[in-house]
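> coordinates for the following, if possible.
(one chain, ligands or ions: 2)
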Amino acid sequence: MTGFSPGFRGRTHAFEGRLPPGQYPTESFPVLSAGPTPHLDTAQWSFTVTDESGRQRSWTWDEMMNLPQQEPTVDIHCVTRWSKFATRWRGVSLDVLLDGIDTAAGFVVAESYDGYTANLPLADVTGGKAWLVHSYDGYALSPEHGGPARLLIPHLYFWKSAKWVKGLRLTLQDEPGFWESVGYHNYGDPWREQRTWRD
Ligand SMILES: Nc1nc2c(c(=O)[nH]1)N[C@H]1C(S)=C(S)[C@@H](COP(=O)(O)O)O[C@H]1N2
Ligand SMILES: [Mo]
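Ligands and ions are numbered 1, 2, ... in the order given. Alright, predicted model coming up:
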């Protein structure tokens, strides 16, 4: 940071009250990936919801694109301390993909094409809080940011928003995911600064 230009101050003020503790605002969009970026073909892409008894429902790319679409504009918060305000996405609410599912599961594991996983309470991916997104700021989501499609779960730290996501597995027991099993907080609420196990 080189100082406080009037423009910087103005923007910060516009988002007053929207920066969680220990975070700083950024206008850039950093890329954070644990491994190499997979390049996936939408012709081979599918998204699958698997319930606790192994029953599956799947969508091809075209089927997913024909579902009702939403355009959430949300703030995102990375555990490495950057936050980005008013990011604009397009995609399908997970409420649509989980609609009418008959399950006793209380948890989900998001599973990605690169082997990445993230665990969440089912209640955190329903009720208008989570999306499967394929566009960012009006353009197709770039591979670096998780294209062709990723999760968007903005009320939790951004590691929960699995890039290159291929499905959701509903589970009766909570199963820690990739980062959760090596010391990141199991839930990851940025407003309560739930960064690690110790928080
Ligand atoms: N499949 C997959 N999803 C992932 C990751 C990853 O390494 N692989 N990194 C996570 C982390 S730690 C963060 S902060 C965000 C970063 O998203 P971005 O690269 O679009 O900023 O993606 C999350 N989703
Ligand atoms: Mo992250």
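
> all helices of the chain, in order?
Assigned helices in the chain, in chain order: 6-14, 61-65, 94-97 (criterion: DSSP state H).

> which strands and helices sit next to the shortest one?
When contacts are defined as 3 or more C-beta pairs under 8 Å, 6 or more residues apart in numbering; DSSP states H and E, helix 94-97 packs onto strand 131-136. To be clear about C-beta, it is placed using only N, CA and C from the backbone, and glycine gets the same treatment.

> the strand it packs on and ligand 1, any residue contact?
No. No part of strand 131-136 sits near ligand 1 under the criterion C-beta under 6 Å from any ligand atom; the closest distance found is 8.4 Å.

> ok, that strand: who's next to it in the sheet?
According to DSSP bridges, the neighbouring strands of strand 131-136, each with its direction, are strand 82-93 (antiparallel), strand 139-140 (antiparallel), strand 150-152 (antiparallel).

> which ones are touching the spatially closest residue to Arg81 that is not a sequence neighbour?
Take Arg81 and drop its neighbours on the chain: the residue closest to it by C-beta to C-beta, 6 or more residues apart in numbering is Gln23, 5.4 Å away. Shown here is Gln23, whose contacts under the criterion C-beta atoms under 8 Å, 6 or more residues apart in numbering are His77, Arg81, Trp82, Ser83, Pro190.

> test my guess that the first one contacts Phe85.
What that stands for is His77. No. Counting by C-beta atoms under 8 Å, His77 stays clear of Phe85, with 9.9 Å between them.

> ok, the spatially most central residue of the chain - contacts?
Relative to the mean C-alpha position of the chain, the nearest C-alpha, by C-alpha atoms, centre = their mean, is the one of Ser161, at 2.0 Å. Under the criterion of C-beta under 8 Å, 6+ apart, the contact list for Ser161 reads Ile76, Ala118, Gly146, Arg150, Leu151, Leu152, Ile153, Pro154.
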